[in-house]
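> have a look; sequence and predicted model below, questions after that.
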Amino acid sequence: DTEVTQTPKHLVMGMTNKKSLKCEQHMGHRAMYWYKQKAKKPPELMFVYSYEKLSINESVPSRFSPECPNSSLLNLHLHALQPEDSALYLCASSQVASGRSIRTGELFFGEGSRLTVL
Amino acid sequence: AQSVTQLDSHVSVSEGTPVLLRCNYSSSYSPSLFWYVQHPNKGLQLLLKYTSAATLVKGINGFEAEFKKSETSFHLTKPSAHMSDAAEYFCVVRASYDKVIFGPGTSLSVIP
């Protein structure tokens, strides 16, 4: 099983709503990522979890709140978003380099959650 | 520091002709290199990867790429384009689990 599953595929929310995006993988990967992607642009890193601990937060506004309840699940809680937050949100997972090796494998991406903020 | 340059923002080819998408990188370490493809409103799918084994890497759907350290390049090629190859292509450099650098992307159009 080499899948990363994201739900929902589409989400429309108002600026006062609270919603969550979910991501699940069963490949035993211990690094999980949230990316934001605008049209015709590469993905931009938001958060990285390593061994269920937040290791990177790329100065993301607090209206985005990540959570990693266990090694297979990653959530992104959304609250008081702005219209400019409308984008494709991608989850990914990968192995974590062991020891001092910096050679690592590929990221496995989900299909994404298309978010529209009205 | 790591960086990735994709020399063409858009490439247009006729169906059945060769495809060349160019990628140059810079890295302080010996990186892993990847090509991903993204079809409209889809996630990113791995085409192929280089991780210091053979310099000519074969991927899915007939794509291949050659790692040239002296030129710091990792160009993607395919002998014969198919309509289904029309998509966005990203070259990616990875030096550690948290240092993943995406190129700006190349949009490939295939003309029937």
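That came in fine, so what should we check first?

> pick out the residue nearest the middle of chain A.
Centroid-nearest residue in chain A: A:Trp34, 2.2 Å away (criterion: Cα atoms, centre = their mean).

> quick check: closest non-adjacent residue to the residue in chain B that chain A sits nearest to.
Proximity of chain B to chain A (Cβ to the nearest Cβ) peaks at B:Phe102, 3.8 Å away. All C-beta spots, glycine's among them, are computed from the backbone N, C-alpha and C. Residue nearest to B:Phe102 in three dimensions, not counting chain neighbours: A:Pro42, with 3.8 Å by Cβ to Cβ, 6 or more residues apart in numbering or on different chains.

> correct me, but that neighbour touches B:Thr106?
No - counting by Cβ atoms under 8 Å, B:Thr106 is not a contact partner of A:Pro42; they are 10.7 Å apart.

> overlap in contacts of these two?
Listed as contacting both A:Pro42 and B:Thr106 by Cβ atoms under 8 Å, 6 or more residues apart in numbering or on different chains are B:Phe90.

> ok, the lowest-mean-pLDDT helix or strand in chain A: who's next to it in the sheet?
Ranked by mean pLDDT, DSSP states H and E, the helix or strand of chain A with the weakest confidence is strand A:53-57, at a mean of 89. Taking DSSP bridges as the criterion, strand A:53-57 forms sheet pairs with strand A:44-50 (antiparallel).

> before we move on, the earlier item: tell me which residues in the least confident helix or strand of chain A are buried?
Neighbour-count burial for strand A:53-57, counted by 16 or more other Cβ atoms under 10 Å in any protein chain shown, picks out A:Ile56.

> mind giving me the packing neighbours of the worst-scoring helix or strand of chain B on mean pLDDT?
Taking mean pLDDT, DSSP H and E as the measure, chain B has strand B:99-102 as its least confident helix or strand, at a mean of 88. On a contact count with 3 or more Cβ pairs under 8 Å, 6 or more residues apart in numbering or on different chains; DSSP states H and E, strand B:99-102 meets strand B:3-6, strand B:87-96.
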